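Asker: here's a sequence, model it:
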Amino acid sequence: FKIKISDSKKFVGKLYPDSTFENRERIQKEIKAYELLNDKIPNSVTKIIWNDPNLNFAIFEWIEGEEIIDINDHVLSEVFDFVKSLEQISREINYENFSTASAACLSGKMIEFQINNRYKKLIKVSKNNPELHEFLKTDFINAYNKILVDSKKKWPGKFDEYVPVTNQILSPSDFGFHNILLTQNGLIYFDFEYFGWDDPVKFTSDFLLHPAMDLTEKQKIYWFNKMSEIFYYDQSFKTRFAASFNLFGLCWCLIVLNVFIANNSNELSIDKINNKKSKRLLRAKKILSQ
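Answerer: Numbers count the residues shown, from 1 in each chain. Okay, here's the model as predicted:
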């Protein structure tokens with residue numbers, strides 16, 4: 001919510017899902033993330049004005065900025081500086097101070113589990129949508145079976161072994177230009193309600209795969225090369241990326257189909273919901289083909 005006070009000061013009010021129905025502790029994760037980043041990287045994220053976990057509500061400083069439409073080398077360079085800062089903080093902070101990020105994937109087995117879990121939920125609701133059912137039972141499952149076998153062959157070490165703590169990063173989890181604003185003082189980052197420890201390979205992959213991102217092939221290669229530089233000490237980083245990138249792509253196929261599970265009846269008409277579902281199914285097919 002946008003909150004405007006009589007003296008023209010503006011703030012952001014954020015209402016989080018009730019933890020009674022969703023055990024993700026989003027407000028706690030986000031507040032802890034902002035406190036850490038405001039201390040370690042001042043002026044890179046918005047500031048907390050007030051919060052109350054019992055009310056699932058927080059108030060933040062308003063960011064005067066613009067959406068990033070033109071993704072150029074200068075903007076990408078600033079993002080790399082931020083990631084480098086996150087990496088440095090991750091090396092300094094006590095591991096016990098933070099939990100894992102939401103939907104963290106610290107092993108190949110965890111990625112496999114997430115795909116299976118999302119797939120089961122979608123299969124249950126697909127019986128009412130023949131096109132979705134057909135996509136899941138044929139195109140998706142055939143690709144998944146092939147990619148999983150290939151990933152397990154390529155995986156460095158054991159597929160169910162966690163990435164060492166020393167190679168994990170404190171990740172926003174949902175990271176991209178949809179959560180960054182361009183201001184007069186540079187880039188400001190927001191939305192850290194999924195913040196926590198994760199594999200930097202997942203962080204790298206999600207930035208490339210997120211549907212809200214629109215990177216050129218040159219920029220994608222540039223992103224991967226720079227991330228490889230930042231995590232140079234992680235000897236299996238490139239091998240893990242090669243083994244898991246397509247698995248993360250399959251995850252995104254299913255994530256964009258969440259509209260079939262979510263209850264949108266209070267906010268959209270039946271026609272708009274059906275239109276949204278059709279567009280998301282086309283997007284999932286496009287991601288799968290890539």
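Asker: okay, CA-based contacts and neighbour counts for the rest of this
Answerer: Noted.
Asker: what pLDDT, on average, does stretch 191-205 get?
Answerer: Stretch 191-205 shows an average pLDDT of 96 in the prediction.
Asker: give me the contacts around it.
Answerer: Stretch 191-205 has contacts (CA atoms under 8 Å, 6 or more residues apart in numbering) with 26-30, 33-34, 98-102, 104-106, 163, 167-175, 179, 223-224, 227, 231, 237, 240-241, 245, 248.
Asker: where do the strands sit along the chain?
Answerer: 2-4, 10-15, 48-52, 57-61, 66-67, 169-171, 180-183, 186-189, 196-198 (DSSP state E).
Asker: how about those, which one is nearest H133?
Answerer: strand 196-198 (31.9 Å; CA to CA).
Asker: how about the closest one: buried residues?
Answerer: G196, W197, D198 (16 or more other CA atoms under 10 Å).
Asker: low-confidence ranges, this structure, go.
Answerer: 21-24, 264-267 (pLDDT under 70).
Asker: which stretch among the strands of the chain comes nearest D271?
Answerer: Shortest distance between D271 and the strands of the chain, using CA to CA, is found for strand 10-15: 27.8 Å.
Asker: so the closest one versus strand 57-61, what angle?
Answerer: Using axes from the mean of the first three to the mean of the last three CA atoms, to 10 degrees, the direction of strand 10-15 lies 160 degrees away from that of strand 57-61.
Asker: related to what we said a few turns ago, nearest to L282, of the buried residues of strand 196-198?
Answerer: Using CA to CA, the buried residues of strand 196-198 come closest to L282 at D198, 29.6 Å.
Asker: roughly how far does the closest one sit from S236?
Answerer: With distances taken as CA to CA, to the nearest Å, D198 is found 15 Å from S236.
Asker: can you lay out the strands of the chain as CSV showing distance to N275?
Answerer: Shown next, in CSV, are the strands of the chain (distance: least, CA to CA, whole Å):
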stretch, distance to N275
strand 2-4, 29
strand 10-15, 27
strand 48-52, 37
strand 57-61, 32
strand 66-67, 26
strand 169-171, 33
strand 180-183, 28
strand 186-189, 31
strand 196-198, 35
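Asker: which of those strands sits closest to K279?
Answerer: Using CA to CA, those put strand 66-67 closest to K279, at 23.2 Å.
Asker: need the residues that contact that closest one.
Answerer: F177, H178, I180, L181, L182, T183.
Asker: are any of the residues you listed buried, and which?
Answerer: F177, H178, I180, L181, L182.
Asker: of these, which is the nearest to P156?
Answerer: The closest of the buried ones among the contacts of strand 66-67, once distances to P156 are taken by CA to CA, is F177, at 31.1 Å.
Asker: residues in contact with that closest one?
Answerer: E67, I68, A212, M213.
Asker: any idea how far it lies from E161?
Answerer: Distance of F177 to E161, computed by CA to CA: 32 Å.
Asker: follow-up on the earlier one: of the contacts of F177, closest to P130?
Answerer: Distances from P130 to the contacts of F177, taken by CA to CA, are shortest for A212, at 27.1 Å.
Asker: tell me how many other residues crowd that closest one.
Answerer: A212 is flanked by 12 other residues according to other CA atoms under 10 Å.
Asker: surely T239 and K154 touch.
Answerer: Yes - in this structure, T239 is within contact of K154 by CA atoms under 8 Å, at 7.3 Å.
Asker: many thanks, have a good one.
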